[in-house]
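Q: sequence plus predicted model, see below.
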Amino acid sequence: MTNKDDSGQESDTNEFIESDTPERSDPVTPLARSQVAYKAELPELLAHHRGKWVAYADGNRLRLGNSQVELYRHCLSDLGLTHDRFIVRRIMPESSPQIEYTLR
């Protein structure tokens, strides 16, 4: 099947069209990207920092800490992030339940 483009030239409508749209398998929210990064880095974190806390924003590790409160303060006060822009996780094996708190 062919169509005419703006210049009047015929083109094959079945040809591949390159897109700048990210693939659907990519996490689309900052929190999702952060969760994927945490899970990917978990083996290394467990080997060196088990029991500590870690903060991520937009898929990037921000800081390790000794407490959840320390990292929340860092993200909220020092960096000026909002709650929907970062995660704080305890570095524990995945079989351990992750309890999430929302500070308001």
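A: Thanks, I have it.
Q: alpha carbons only for contacts and neighbour counts from here, please
A: Fine.
Q: residue 90: what's it in contact with?
A: Under the criterion of CA atoms under 8 Å, 6 or more residues apart in numbering, the contact list for residue 90 reads 51-54, 68, 98.
Q: please repeat the previous calculation with a cut-off of 7 Å.
A: By CA atoms under 7 Å, 6 or more residues apart in numbering, the residues touching residue 90 are 51-54.
Q: out of those residues, name the ones that lie in strands.
A: Residues from the contacts of residue 90 lying in strands, with DSSP state E as the criterion: 53-54.
Q: just the closest of the contacts of residue 90 to residue 28, please.
A: residue 54 (21.1 Å; CA to CA).
Q: does that closest one really touch residue 66, like I thought?
A: No. Taking contact to mean CA atoms under 7 Å, the distance of 8.7 Å between residue 54 and residue 66 leaves them out of contact.
Q: which one's more surrounded, those two?
A: Shown here are residue 54 and residue 66; by other CA atoms under 10 Å, residue 54 has more neighbours (23 against 13).
Q: next one: that one from residue 69, what distance?
A: In this structure, residue 54 and residue 69 are 11 Å apart, going by CA to CA, to the nearest Å.
Q: cool, residue 55 as well?
A: Distance check for residue 55 against residue 69: by CA to CA, it reads 11 Å.
Q: what's the answer for residue 57, then?
A: From residue 57 over to residue 69 (counting by CA to CA), the distance is 16 Å.
Q: mind checking which of these two has more residues around it?
A: Shown here are residue 57 and residue 69; by other CA under 10 Å, residue 57 has more neighbours (22 against 13).
Q: not counting its neighbours along the chain, what's nearest residue 61?
A: Nearest non-adjacent residue to residue 61, counting by CA to CA, 6 or more residues apart in numbering: residue 55, 6.0 Å away.
Q: how many neighbouring residues does that neighbour have?
A: Other residues within reach of residue 55 by the criterion other CA under 10 Å amount to 24.
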